[in-house]
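Participant: My questions concern the predicted model and sequence given below.
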Amino acid sequence: MKYAKILLLVCLAVLIALPFGRISAQDPTPNTYGILTSTPQPDGSIYHIVQPGESLWVISAAYGIPGSEIMVLNGNSAEANEVYINDVLLIRRANTPIPTSNFTATPIPRTPQPTIFMPSRTPIPTKTPLPTATPTLPPSTTQLLFGDSQKVGLTMTVISGVGLLLVIVFGFLKKPR
């Protein structure tokens, strides 16, 4: 949590100082953290060589990229935060060029050909079998009693009433001695 607050303050300082600084795409420029940021390669990728006194949060603040993203780009865990002197860190991947098509469609002239009539054979009709009647068994007693929810509710009410009556008769009424 402490590092997150420090990183937030550093990022805010970079965002405030960024409009006032002069950015040159040709030469590496020192930033407010005292490190030289690398210029992009011809393919757009950026590599940074860690110098003595630099840490991951200083490098990430200088490039404006979260440290976890830098670590993931370099094949490490997002929670890792250790960098060592002379480590070569990938800051940004190479831009993938979008292929552009230089192909221009040229219509090919077609020579008209006479249409050759080929009659097709009509398939021989076949009989489709008709469905056969299958006997259905009459409903069982259970299906008759519990066939729908109204019957289920009525059956449960009757069973509960009989049970309640038995509890009252045998449980609460005392037998004469």
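Facilitator: Done, it's in. Owing to the predicted nature of the structure, the values given are computational and were not obtained by experimental measurement. Residues are numbered from 1 along each chain as shown.
Participant: sec struct for the nearest residue to G67 once chain neighbours are set aside, please.
Facilitator: The spatial neighbour of G67 that comes closest, neighbours along the chain excluded (C-beta to C-beta, 6 or more residues apart in numbering), is S60 at 3.9 Å. Any C-beta I mention is one placed from the backbone N, CA and C, and that applies to glycine too. Three-state secondary structure (criterion: DSSP: H, G, I helix; E, B strand; the rest coil) places S60 in helix.
Participant: Which parts of this protein are helices?
Facilitator: 2-17, 56-63, 67-73, 141-145, 149-167 (DSSP state H).
Participant: Any idea how many residues pack against I98?
Facilitator: The criterion is other C-beta atoms under 10 Å. On that basis, I98 has 5 neighbouring residues.
Participant: According to the record, where do the domains of this structure fall?
Facilitator: Per the record, the chain has its domains at 2-92, 145-172, by automatic domain parsing.
Participant: what's the most buried one of these?
Facilitator: domain 2-92 (a mean of 14; mean count of other C-beta atoms under 10 Å).
Participant: Quick one: mean pLDDT for it?
Facilitator: Per-region confidence: domain 2-92 scores 77 on mean pLDDT.
Participant: likewise stretch 150-165?
Facilitator: For stretch 150-165, the per-residue pLDDT values average out at 89.
Participant: about what we covered before: mind putting the domains of the chain in a markdown table, distance to R110 included?
Facilitator: As requested, those are arranged in a markdown table below (distance: least, C-beta to C-beta, whole Å):
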| stretch | distance to R110 |
| --- | --- |
| domain 2-92 | 45 |
| domain 145-172 | 71 |
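Participant: wait, which of the ones you listed is closest to R121?
Facilitator: Comparing the domains of the chain against R121 with C-beta to C-beta, the closest turns out to be domain 145-172 (55.9 Å).
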